[in-house]
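A.B. asks: Everything below, folded, please.
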Amino acid sequence: MTQDNRESWLNRVAAGMAPLFEALDAPLPSRVRVAIGFTSAGRKGKAIGECWDNRLSADGHFEIFIRPDLAHAPDAMPSQIAAILAHELVHAAVGIPAGHGAAFKRVALGLGLVGPMRATTPGEAFLAAIVPILDAAGPLPHARLDTDGESTAPRKQKTRMLKCECATCGYTVRTARKWLEQAGAPLCPIEGHGVMEHPLDDDDPEPED
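C.D. replies: Next up, the predicted model:
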């Protein structure tokens, strides 16, 4: 099955994991929203996922965000995203006030998440359990967002400063074309050298140095 967007994929994976939570006596809340987007600290933050308490939501939903710039290999990304989602769903299942304490640890380990509870990773048991869920969800419609790369948006053209030069001493200054057109070329500061030469004299602008 192909999902229309990332959120529908995440919701389908979350629904697929619901029986795993049920088996651990930690059912998922009925109101959970999941999305790929930056956490509250923005792109410079370190959190890879975040679950907001449903008491902060105007309509009582737990709000989960998974950042879009995680550097997982494309073939590993779905399972890694699912593991982050599982971590955040544990928060929703046991309640945000529980933090990463005993209640969180019991469910996280039961799902097959391993490592420090503040930064769990998928263990072999989790990866095995998630395979049929990912197969049912279909391809993840997401690719890593390169927040450290250069923007693909066209760059704004900067005002080109044109060089004016004194024919007598070689003194140079730069000014914008509009000032050359409106006010003419500047005078050389050395007395008697007069008006400086500029690109508009021959309508052939010099290349910038």
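A.B. asks: For the protein, just list every one of the strands.
C.D. replies: Assigned by DSSP state E, the strands in the chain fall at 32-36, 49-52, 62-66, 113-114, 121-122, 161-165, 172-176.
A.B. asks: out of those strands, deepest packed?
C.D. replies: For the strands of the chain, the largest average neighbour count (mean count of other CB atoms under 10 Å) is found in strand 62-66, namely a mean of 23. All C-beta spots, glycine's among them, are computed from the backbone N, C-alpha and C.
A.B. asks: Could you check how far the residue nearest to residue 20 when sequence neighbours are not counted is from residue 90?
C.D. replies: Leaving aside its sequence neighbours, residue 20 sits nearest to residue 111 (CB to CB, 6 or more residues apart in numbering; 5.8 Å). Separation of residue 111 from residue 90 (CB to CB, to the nearest Å) stands at 7 Å.
A.B. asks: again, but for residue 55
C.D. replies: Distance from residue 55 to residue 90, by CB to CB: 18 Å.
A.B. asks: of these two, who's got more company?
C.D. replies: The neighbour count for residue 55 versus residue 90, taken as other CB atoms under 10 Å, is higher for residue 90 (28 against 10).
A.B. asks: distance of the more buried one from residue 189?
C.D. replies: Distance, residue 90 to residue 189, using CB to CB: 73 Å.
A.B. asks: same check, this time on residue 134
C.D. replies: Counting by CB to CB, the gap from residue 134 to residue 189 is 73 Å.
A.B. asks: can you pull the contacts of the nearest residue to residue 165 once chain neighbours are set aside?
C.D. replies: Closest residue in space to residue 165, ignoring its immediate chain neighbours: residue 172 at 4.7 Å, by CB to CB, 6+ apart. For residue 172, the contact set (CB atoms under 8 Å, 6 or more residues apart in numbering) comprises 163, 164, 165, 166, 196.
A.B. asks: what about 7 Å?
C.D. replies: Residues near residue 172 by CB atoms under 7 Å, 6 or more residues apart in numbering: 163, 164, 165.
A.B. asks: so the second one makes contact with residue 195?
C.D. replies: Okay, so that is residue 164. No. Assessed by CB atoms under 7 Å, residue 164 is found out of contact with residue 195, at 8.9 Å.
A.B. asks: Spell out which residues are contacts of both of the two.
C.D. replies: Common neighbours of residue 164 and residue 195 (CB under 7 Å, 6+ apart) are residue 185.
A.B. asks: got the residue ranges for the helices in the chain?
C.D. replies: Assigned by DSSP state H, the helices in the chain fall at 6-23, 77-94, 102-111, 124-137, 177-183.
A.B. asks: export the ones you listed to TSV and tack on distance to residue 47 and mean pLDDT?
C.D. replies: As requested, those are exported to TSV (distance: least, CB to CB, whole Å; pLDDT from 0 to 100):
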stretch	distance to residue 47	mean pLDDT
helix 6-23	17	91
helix 77-94	10	91
helix 102-111	16	95
helix 124-137	20	92
helix 177-183	48	85
